[in-house]
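Enquirer: Just need the structure, nothing else, for what follows:
(chains A, B, C and D)
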Protein chains: 2
Amino acid sequence: MVTSAERGDASSRRRPTIDDVARLAGVGRGTVSRVINGGHNVRPAVRDAVNQAIDILGYSVNQSARNLARGRTGSIAYIISDRGDRLFEDPNFGLFARTFSRQLRGSGRHLLITTAEDEEEENSLGDYLAFGHVDGALLGLTRDHEPLLQRLQASRLPFVVLGKPLGFENALSWVAIDDEKAAFTVVSYLAGKVDGAIGTVTGPLHTSSGRERLDGCRLALGDRFRPDLVASGDWSLRSGREGTELLLRREPGLRGLFVASDLMAAGAIGALRAAGRRVPEDVAVVGFDDSAAATMVDPALTTMRNPIEQTALEALRILDERIAGDAGAPVRLVLSSELVKRSSA
Amino acid sequence: MVTSAERGDASSRRRPTIDDVARLAGVGRGTVSRVINGGHNVRPAVRDAVNQAIDILGYSVNQSARNLARGRTGSIAYIISDRGDRLFEDPNFGLFARTFSRQLRGSGRHLLITTAEDEEEENSLGDYLAFGHVDGALLGLTRDHEPLLQRLQASRLPFVVLGKPLGFENALSWVAIDDEKAAFTVVSYLAGKVDGAIGTVTGPLHTSSGRERLDGCRLALGDRFRPDLVASGDWSLRSGREGTELLLRREPGLRGLFVASDLMAAGAIGALRAAGRRVPEDVAVVGFDDSAAATMVDPALTTMRNPIEQTALEALRILDERIAGDAGAPVRLVLSSELVKRSSA
DNA sequence: CACCAAATTGGAAGCGCTCCCAAAAGGTAG
DNA sequence: CTACCTTTTGGGAGCGCTTCCAATTTGGTG
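Expert: As a prediction, the model looks like this:
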């Protein structure tokens, strides 16, 4: 390894090219190219000489030139169909973005983060994507979103969906957590803790996450499930509060509450406290996501932690396979979540 | 404007190049280049013909080729010297990242988000940056950070600091909010609301934000400032709680509290409640940042909203000037914050 | 109408890389 | 030692753009 000191003030010299390396190593340009692209079909001795020259010169590949020659753009789009300003409040989004960026940087590529808030944005985005500005796309869909999906499917652009794309489960590649199983786990835990009435504040039921978390809850509760104690929310803090107020009106003796996201759970706890209930003594509460809100709220939430990072890595791996041309049948992957016990239940 | 329908399924055809446009418009390649780069020194009639050809073909410039020809990389680094996992919990970071990305996308460029957690990462990052992988850098420093700053200063890489770089105020370009003035504003408001003892939980005093917010507080309180009612925190929820517990021990009759960040304020409110104090009846609390935590906590926080988006845009503008070669004297810019009244004070 | 300067134009050269092909080197078997 | 096959190697061509510079056109003037 050569330190920056040894090679002087790098910035003041012309950046070395592949030809400089070839000259110094006494080989042809093609050979250097082969070495920096895996070193296959190059004699070990030659490879070492080339690597040494690379170190001495402090050479690193010019991505623009590589992309131009390869006919690639060197960037991947991460598309979120949600209101942009909500975006960064969603802790999952941040972790996804961070994991993608980091991973792509390792291969000299970039992540392009984009929202598609309304139909117009969606159309221009569709054009943009289909027209070769990116090598592939990762779709974080917050609602069911056929138009963009169909558009992309027709465009041949490789892409992978994060989460289960309702209605396209069999046609597309996707990576998702098992919402139903996760909800089953946390609600079973809750049901084991308390006797009496258990209610739930759901996510939006037009999303697969919202729906499956409710399914898991229903399954876990079995006979104890009460259809009248289901309030539907929209992932927002406010909807968590209002949903809880509704449930409390319907069943003042409420003992347990499954809230389909931590943020909504924060709202729920606020509503419970306002109604004079202690958590978890009077009403036990469990959330979902293990987001920052989970520990910000008092008492800290018992919740489900999702393997976001793993989801991201797998999605990217699958996408890379498809970009490389292994465009066989769609690939589907389901990962499981983990119960995190804190003090709210 | 040509819709995607008119030009057929774009994805299946070869992407048009500048030569295709030149041929269709009946002009030379150079002329097309001139048109897509501002259209200077091109006769209006010719310019229109070229633009029409561009529309018909659905041409858009190939960034890799442009970057290669221009000797630019087409990316800007956003560097944060903080623990990566805290990163996305910081609401300002998210807004910065989003504003940068969006703005850069407009000019076909990319944002590269990077952390520099320890000295080693910092060194390799320094090499990376100095070696021409990016066109410029935006530095979000959470602590005073001389090594990287000096390294970059020596490297000729254009960069702009977000926040005031302690010890480098005169040597570098930076954009910051006026922490002192903002703290003065919110503490004055608090002081007008309550009589009696007012304390503060500060940010880390080795950062300019931490220090200046304390200065502003001291200034606003004047004679009422009590040096014994200053607890130092580190921006974390926990430090907010612990600092508040300390203040309460020193002054059980505490009536007002300025907490230097909303997240810490959430911890403070938890501590106050645990100690049996009502907010704002017994103790009025004000925060700083207007982050998501401000409305998540109960009661919602009175706090200062910072012009993050404007800061981001100005920083990028200054950076672009410097990249373009207008590397005159360093540029400094200070923006003001705005009081947001809610129910905590 | 001739002349000149300024504005406009075309296209060659070159950015740094990958991909490919032909040539050279190396191995193996008879 | 030769013939043949495989592996390795060098370097030309080309990716799509910008940046010149030289050539042409334009427009104004005497």
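Enquirer: can you count the residues close to the closest residue to residue A:205 other than its chain neighbours?
Expert: The shortest distance from residue A:205 to any non-neighbouring residue, by CB to CB, 6 or more residues apart in numbering or on different chains, is to residue A:211 (5.4 Å). Glycine gets a C-beta too; all of them are placed from N, C-alpha and C. By other CB atoms under 10 Å in any protein chain shown, the residues close to residue A:211 number 18.
Enquirer: Can you tell me how far residue A:211 is from chain B?
Expert: In this structure, residue A:211 and chain B are 26 Å apart, going by CB to the nearest CB, to the nearest Å.
Enquirer: Look at the nearest residue to residue A:134 once chain neighbours are set aside and give its secondary structure.
Expert: Leaving out its chain neighbours, the residue that sits closest to residue A:134 by CB to CB, 6+ apart is residue A:77, at 4.5 Å. Of the three states, residue A:77 takes strand under DSSP: H, G, I helix; E, B strand; the rest coil.
Enquirer: hang on, residue A:77 packs against residue A:140?
Expert: No. Checked against CB atoms under 8 Å, the pair residue A:77 and residue A:140 is beyond contact range at 10.7 Å.
Enquirer: Taking the stretch 101-250 of chain A, what residue is nearest to DNA strand C?
Expert: For the stretch 101-250 of chain A and DNA strand C, the shortest gap (CB to the nearest atom of the strand) falls at residue A:108, measuring 9.7 Å.
Enquirer: tell me which element that residue falls in.
Expert: Counting by DSSP states H and E, no helix or strand carries residue A:108.
Enquirer: going on from the helix or strand bottoming out on mean pLDDT in chain A, what's the next piece of helix or strand?
Expert: Using mean pLDDT, DSSP states H and E, the weakest-scoring helix or strand in chain A turns out to be helix A:84-87, at a mean of 52. Counting by DSSP H and E, the element after helix A:84-87 in chain order, helix or strand, is helix A:91-106.
Enquirer: Mind giving me the packing neighbours of that following helix?
Expert: strand A:75-80, strand A:110-115, strand A:136-140, helix A:308-323, helix B:84-87, strand B:110-115 (3 or more CB pairs under 8 Å, 6 or more residues apart in numbering or on different chains; DSSP states H and E).
Enquirer: Would you mind pulling the contact partners of stretch A:207-218?
Expert: Residues outside stretch A:207-218 that contact it (CB atoms under 8 Å, 6 or more residues apart in numbering or on different chains): A:142-144, A:163-166, A:176, A:179-185, A:187, A:200, A:202-205, A:225, A:230, A:232, A:258, A:260, A:288.
Enquirer: and what of stretch A:325-340?
Expert: A:158, A:160, A:169-178, A:181-182, A:185-186, A:189, A:290, A:294, A:302-307, A:310-311, A:314, A:318, A:321.
Enquirer: Just the buried ones from these, in PyMOL syntax?
Expert: PyMOL command restricting these to the buried ones, with burial defined by 16 or more other CB atoms under 10 Å in any protein chain shown:
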select buried, chain A and resi 158+160+172+173+174+175+176+177+178+181+182+185+186+189+290+294+302+303+304+306+311+314+318+321
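Enquirer: do stretch A:51-60 and chain B meet?
Expert: Yes. Residues of stretch A:51-60 contacting chain B under CB under 8 Å from any CB of the partner chain: A:58, A:60.
Enquirer: Return the residues in contact with residue A:151.
Expert: A:126, A:130.
Enquirer: picking that back up, mind telling me which of the helices and strands packed on helix A:91-106 the model trusts least?
Expert: Lowest mean pLDDT within the helices and strands packed on helix A:91-106: helix B:84-87, a mean of 52.
Enquirer: tell me the centre residue of chain A?
Expert: residue A:96 (3.8 Å; CA atoms, centre = their mean).
Enquirer: Surely that residue is in contact with residue A:78?
Expert: Yes. Between residue A:96 and residue A:78 there is a contact at 7.0 Å, judged by CB under 8 Å.
Enquirer: which residues are in contact with both of those two?
Expert: In contact with both residue A:96 and residue A:78: A:138, A:140, using CB under 8 Å, 6+ apart.
Enquirer: What's the local residue count around residue A:223?
Expert: Count around residue A:223 with other CB under 10 Å applied: 5.
Enquirer: I meant to write residue A:280 there.
Expert: Neighbours around residue A:280, by other CB under 10 Å: 23.
Enquirer: element containing it?
Expert: Using DSSP H and E, residue A:280 sits within no helix or strand.
Enquirer: Which residues are in contact with it?
Expert: A:193, A:299, A:343-345 are the contacts of residue A:280 under CB under 8 Å, 6+ apart.
Enquirer: For PyMOL, write the select line for the buried members of these.
Expert: Here is the PyMOL selection string for the buried members of these, based on 16+ other CB under 10 Å:
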select buried, chain A and resi 299+344+345
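Enquirer: Just name the closest of the contacts of residue A:280 to chain B, please.
Expert: Set against chain B, the nearest of the contacts of residue A:280 by CB to the nearest CB is residue A:299 (9.9 Å).
Enquirer: give the contact list for the closest one.
Expert: When contacts are counted by CB under 8 Å, 6+ apart, residue A:299 is found next to A:269, A:279-280, A:342-344.
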